[in-house]
Structure formats: C-alpha cells, structure tokens
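1. Show me the folded form of this:
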Amino acid sequence: MAPTVSAAAPVSVDPQAAEKAAVLAAYAGMGAAEVRTYASGTLDPEVERYATDQALADIKATLFWYQQRGTRMKGQPVHTAAVESLDTSGDPRRAVVTDCVDSTGYDKVALYTSKSSVSTAVRESPWPSAPSRCS
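-> Below is the predicted model:
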C-alpha cells in the first residue's frame, strides 16, 4: 500500500509584511527617541529623524510643558502597535498605526531629584484625555 500524501494547508503571506515591519521599526525608533527626550528634558536629535510637522510640534510642545513644570519622565511606556493600513503607491507613502500604550511604569518626576511629582489627587498631563481603544 502506497503512503498517503496530503498537501499542506496554504500559508497566507501578507504581501506588505516587510513594509509593515519597517513602519513598526520606524514607529518604535520614534517612540524611543521621544522617551529619551522626555527623560532628559532636552530634544533628542533622533526625534527629527522620525517626526515632522504636527508630530514634531507635539513632541516639542510636550517637552516645553515638562520643562516649564521642572519635571521629566522616568521609566518606559509599553507599546502594542499595529499597522492598520499601508499605502506605498502614493507620494508620500502613508501608514496608519494604532497603538495601545501602558504607562503604568512611566512616571512624571522632578527634573533634578527624580522624586515623583504625581499628585494622587490630580494627575496633570500635557495630553488631552481620550477614550481608550485598547482591548
């Protein structure tokens, strides 16, 4: 009796997998430069490699907000980012990235003493509150 041969189920390959990986790598690079910026109190030179226009303006405004309050950020936020859509045919190329950020270990501290500057009564932030889309 001849052995039975079955075909393996076809593997679905995303034709944009490499481009999506590059988008997420750039997004992670920008996030790391942003974290270094808020930790040091000065604009990390790598930020301008990744961010332009409104994104760069927002980072600079947030940095200024921390500087005016004599605070900085300590720790690391945890990102769960995904590329929702990608268009490489246009100029400029466009990607939509969604990100769920866990800021549990990312705290505002006094710039020079590193003591927590977060009040338990009021959690002041430079960012407007928005509804969570994390699941």
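2. ok, Arg94 - contacts?
-> Counting by C-beta atoms under 8 Å, 6 or more residues apart in numbering, Arg94 touches 85-87. Quick note: C-beta positions are derived from backbone N, CA and C, even for glycine.
3. Which parts of this protein are helices?
-> Ranges of helices in the chain, per DSSP state H, are 17-40, 47-50, 53-69.
4. Work out which residue lies at the spatial centre of the protein.
-> In the chain, the residue lying closest to the centroid (C-alpha atoms, centre = their mean) is Gly31, at 4.3 Å.
5. That residue and Val78 touch, don't they?
-> No. Between Gly31 and Val78 there is no contact under C-beta atoms under 8 Å: 10.4 Å.
6. Let's have the helices of the chain in JSON lines, adding mean pLDDT.
-> Converted to JSON lines, these look like this (pLDDT from 0 to 100):
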{"stretch": "helix 17-40", "mean pLDDT": "95"}
{"stretch": "helix 47-50", "mean pLDDT": "94"}
{"stretch": "helix 53-69", "mean pLDDT": "93"}
